[in-house]
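> I need the structure of the sequence given here:
(chains A and B)
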Number of protein chains: 2
Amino acid sequence: MTYCVGIAVHDGLVFMSDSRTNAGVDQIHTFSKMHVFSQNNYFYVLLTAGNLATTQGVVARLNKDIKDAPTQNLYTMQDMGEAASYVGEISREEQKTFDSKETDKGFSAEASFILGGQVLEDAPAIAQIYPEGNFIRSSKETCYLQIGETKYGKPILDRMIHSECDIAQAVMCALVSMDSTSRSNATVGPPIEYLVYLSDAYTPNLQQSLDRDHEYWLQLRKNWSDSLRRAFDSLPLAPGLDQLDTESRSNVMSIHTKPFG
Amino acid sequence: MTYCVGIAVHDGLVFMSDSRTNAGVDQIHTFSKMHVFSQNNYFYVLLTAGNLATTQGVVARLNKDIKDAPTQNLYTMQDMGEAASYVGEISREEQKTFDSKETDKGFSAEASFILGGQVLEDAPAIAQIYPEGNFIRSSKETCYLQIGETKYGKPILDRMIHSECDIAQAVMCALVSMDSTSRSNATVGPPIEYLVYLSDAYTPNLQQSLDRDHEYWLQLRKNWSDSLRRAFDSLPLAPGLDQLDTESRSNVMSIHTKPFG
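As a prediction, this is how the structure comes out:
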């Protein structure tokens, strides 16, 4: 499994990905899921999720087109929408290739992508490309997009991220979102890679990888856990719980130890 | 959709459920998903998720057996494992009834349950019953069980809940978990019901329902959001972000306004 998130805020873009891949529980590997393409006034980051053979095939094909197809490649696109369509089309082709060779019913060649960056003079933008090849764009109201194991890390994004928030805040929120996801799902894990792109840079302004034992990653996890615990301890007690403490609990008898079932 | 959670801690059990049901986006209703059965030295709470016709059928059948089947009903069980098996069997029968009448391919009669409480002299316990009728039990290491839309609310449980935690803390954690879920998934919503069962009570020690506009529910949501924001603001800045602030950001040019795509 995978968790990747792309965030578009006023100052620019944030991309983050985990690096764990698995085909069954006994084939766990580490692969970067973040791919950067940049040249002149083109800057792209591609985040990948799904079938690793498909996503690697798509990245290889994108690179091949840059070399061999001077009329249609990432650096001939007129805007991010065109680029997302193009990646979606390649993804469908790759999936078809794999599916036709496939006999195992449980197999899926599906892959999803987040493509973001800046194309020519357009504003920086991100898009999420579905396995079917179609895509959606982020908007001012929904300024983050996720692929892979998205649900565990969504609540913190829903609470914190808005299009006017500081880009450093967006990185921090993505890190917390990644931490929550990797705690709750064993198939999402370090190294955690993040990239910050500031408008009109056409090059990464910050690119970083945090390994499992990276001092900062450990510090962040501990700090956030401790803070949550404090936040939790300061919550107002829910209706009825005060009475439970003073009246009912005094009636509680000792717990039986006979095992359940 | 649905979100229900059951937690077993040292002092007793906590049950929580939302009350929103939907069959498509234009058939949204409010139904309680928490059912209490208690008599003499038997106390059960049944939380339900999945096909509403199936879950209502199961509850009706459990009540019918209590009246009409003196040799096999919830109050003849010898332990919680036997009770979970019995509910699982009824669930399978109900699903079969509906499935055989069904022609729509997209239809699923599947339902999941959390059954918890105390049977005779056994320790209080909770079990999660799958659509297939089999079940798992909570343990000292994994002392909570979830059904329905489980992922959004899992991170906070993973962080906070352990078998030795205070029962009030378990309620508070379930409430935060429910808040996170209902924020991220529109099909999970109030009224939020919770029930606390303290060992050897054989009756609910606390049973409460929080409507959408319940003063406490609003207060909790605001308090937690504010605390998270403070916790968030106090996180140590990720590697590279400080340089981004001082060097790169001064180079940022004004954002283009041409729309993306």
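> which single residue of the stretch 51-200 of chain A ends up nearest chain B?
Closest to chain B within the stretch 51-200 of chain A is A:G81: 3.0 Å, counting by CB to the nearest CB. Using the backbone N, CA and C atoms, a C-beta is placed for each residue, glycine as well.
> and that residue, its phi and psi?
phi -60, psi -40 (degrees, to the nearest 10).
> does it touch A:I129 like I think?
No - A:G81 is beyond contact range of A:I129, at 11.1 Å (criterion: CB atoms under 8 Å).
> what do the two both touch?
A:F135 (CB atoms under 8 Å, 6 or more residues apart in numbering or on different chains).
> compare these two (neighbour count), which wins?
Using other CB atoms under 10 Å in any protein chain shown, the more surrounded residue of A:G81 and A:I129 is A:I129, with 30 against 18.
> in the sheet, who's paired with the more buried one?
A:F113, A:F135 (DSSP bridges).
> look at it and report its pLDDT.
Listed pLDDT for A:I129 reads 98.
> for A:M80, see how far away it is.
11 Å (CB to CB, to the nearest Å).
> three-state assignment of the closest residue to A:R230 other than its chain neighbours?
Closest residue to A:R230 apart from its sequence neighbours, by CB to CB, 6 or more residues apart in numbering or on different chains: B:A231 at 7.4 Å. Under the three-state scheme (DSSP: H, G, I helix; E, B strand; the rest coil), the conformation of B:A231 reads as helix.
> my guess is B:A231 contacts A:S227. True?
Yes - using CB under 8 Å, B:A231 makes contact with A:S227 at a distance of 3.4 Å.
> so where's the stretch 101-250 of chain A uncertain?
A:101-105, A:245-250 (pLDDT under 70).
> can you pull out the helices in the stretch 1-150 of chain A?
Applying DSSP state H, counting those that start in this stretch to the stretch 1-150 of chain A gives helices spanning A:52-68, A:80-100.
> from the contact counts, what lies against the first one?
So that's helix A:52-68. strand A:34-39, strand A:42-50, helix A:80-100, strand A:111-119 (3 or more CB pairs under 8 Å, 6 or more residues apart in numbering or on different chains; DSSP states H and E).
> now do the last one
Helices and strands touching helix A:80-100, by 3+ CB pairs under 8 Å, 6+ apart, are helix A:52-68, strand A:111-119, strand A:125-129, strand A:135-137.
> buried stuff in stretch A:169-187?
Within stretch A:169-187, the residues that count as buried by 16 or more other CB atoms under 10 Å in any protein chain shown are A:169-185, A:187.
> just these: which are in helices?
Applying DSSP state H to the buried residues of stretch A:169-187, the entries found in helices are A:169-184.
> specify which member of the residues you listed is nearest to A:R212.
Using CB to CB, A:S182 comes nearest to A:R212 of those, at 9.5 Å.
> grab the nearest non-local neighbour of the closest one.
A:V188 is the one closest to A:S182 (CB to CB, 6+ apart), at 4.7 Å.
> quick check: the one you found vs B:N185, distance?
20 Å.
> dump the residue contacts of A:L62.
Counting by CB under 8 Å, 6+ apart, the residues that A:L62 touches are A:H35, A:F37, A:L46, A:N73, A:L74, A:V87, A:I90.
> between these, identify the one with the most neighbours.
Of these, with other CB under 10 Å as the count, A:L46 tops at 26 neighbours.
> what's the distance between that one and B:D79?
For A:L46, the distance to B:D79 - CB to CB - is 55 Å.
> can you give me the neighbour number for the residue nearest to A:R230?
B:A231 has 20 nearby residues by other CB under 10 Å.
> next up, the contacts around it.
A:W224, A:S227, A:L228, A:R230, A:A231.
> pipe those residues into CSV and attach distance to A:I114 per row.
Output for the contacts of B:A231, formatted as CSV (distance: CB to CB, whole Å):
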residue, distance to A:I114
A:W224, 24
A:S227, 28
A:L228, 27
A:R230, 34
A:A231, 30
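> tell me the contacts of A:M178?
Shown in contact with A:M178 (CB under 8 Å, 6+ apart): A:Y3, A:V5, A:M16, A:D18, A:G153, A:V188, A:I192.
> quick check, the fifth one in contact with A:R183.
No - using CB under 8 Å, A:G153 and A:R183 do not qualify as a contacting pair, with a distance of 9.8 Å.
> residues shared between the contacts of the two?
Common neighbours of A:G153 and A:R183 (CB under 8 Å, 6+ apart) are B:P155.
> on that earlier part again, what sits in contact with each of A:I129 and A:M80?
With CB under 8 Å, 6+ apart as the test, A:I129 and A:M80 both reach A:L115.
> who in the stretch 51-200 of chain A is up against chain B?
A:79-82, A:121-125, A:137, A:151-156, A:158-160, A:167-169, A:171-173, A:175-176, A:180-181, A:183-184, A:194, A:196, A:198-200 (CB under 8 Å from any CB of the partner chain).
> before we move on, back to that, among the contacts of A:M178, who's most crowded?
A:G153 (33 neighbours).
> check contacts around the residue nearest to it when sequence neighbours are not counted.
Leaving aside its sequence neighbours, A:G153 sits nearest to A:S177 (CB to CB, 6+ apart; 3.4 Å). By CB under 8 Å, 6+ apart, the contact set of A:S177 is A:Y3, A:V5, A:M16, A:G153, A:K154, A:I156, A:L157.
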